[in-house]
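>>> prediction below, plus the sequence it came from.
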Amino acid sequence: MGVSVRVIDRGLAKFVKDQSKLAGKGVKVGIQADAGKEPGSGVDILDIAIFNELGTEDIPARPFVRDFFDKNRKVIGMAMDRQANAVAGGADAGAAMDMLGLWVEKHQKAHVQQSPGWAAPNAPSTVKKKGSSTPLIDHAVMLGAIRYEKLK
């Protein structure tokens, strides 16, 4: 005796198909390896960012990347959900990744510019040299190097 099954699709098949457009897609935000060199010193901007993020013998740690992501984990998750839902609604996956990347990039830069309590103050010799007491911002080279890149 045969069993008959009736399948009622209430949009799940389309949802799964649309979500599969996101497979392997993503963005990375921060200072990328090809950011260039600091004018004058010739030091890689990525190296300068790492020295500041983790600290060195002479530079106190200024964890601008970790602090941003730790404090904004929930909001970033919501931004990711918004883009996933947009793709589920028919939006282009590449455009959704661009929107997400631009959003995180903008907020990461704003976080650096605000230099909250996580940024150890500049040494008096650094203030004298650069003419500013704002940590992580000299000629805004490192700040300008913060960008997003879509994962391939």
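Here it is on my side, so go on.
>>> next, count neighbours for Leu22.
A count of nearby residues for Leu22, using other CB atoms under 10 Å, gives 16. The way it works is simple: take the backbone N, C-alpha and C, and place the C-beta from them, glycine included.
>>> so it lies in a helix, does it not?
No - counting by DSSP: H, G, I helix; E, B strand; the rest coil, Leu22 falls outside a helix, being coil.
>>> residue nearest the centroid of this protein?
Relative to the mean C-alpha position of the chain, the nearest C-alpha, by CA atoms, centre = their mean, is the one of Val29, at 2.9 Å.
>>> element containing it?
strand 27-31 (DSSP states H and E).
>>> now the helix or strand hosting Met78: average pLDDT?
Using DSSP H and E, Met78 sits in helix 64-88. Helix 64-88 carries an average pLDDT of 91.
>>> after it comes which helix or strand?
As assigned by DSSP H and E, the chain's next helix or strand after helix 64-88 is helix 93-114.
>>> and that following helix, what's its mean pLDDT?
92.
>>> can you list the residues that contact it?
21-22, 25-27, 29-30, 64-65, 67-68, 71-72, 76, 79-80, 83-84, 86-87, 136-137, 142-143, 146-151 (CB atoms under 8 Å, 6 or more residues apart in numbering).
>>> gap between Arg147 and Gly89?
With distances taken as CB to CB, to the nearest Å, Arg147 is found 27 Å from Gly89.
>>> quick one, which of those two is more surrounded?
Between Arg147 and Gly89, counted using other CB under 10 Å, Arg147 has the larger neighbour count: 16 against 9.
>>> and the strand or helix carrying the more buried one, which strands flank it?
Counting by DSSP H and E, the element that carries Arg147 is strand 146-150. Paired strands of strand 146-150, with direction, are strand 27-31 (antiparallel) (DSSP bridges).
>>> so what touches the strand it pairs with?
Applying CB under 8 Å, 6+ apart, the set of residues contacting strand 27-31 is 45-46, 49, 65, 97, 100-101, 104-105, 108, 142, 145-151.
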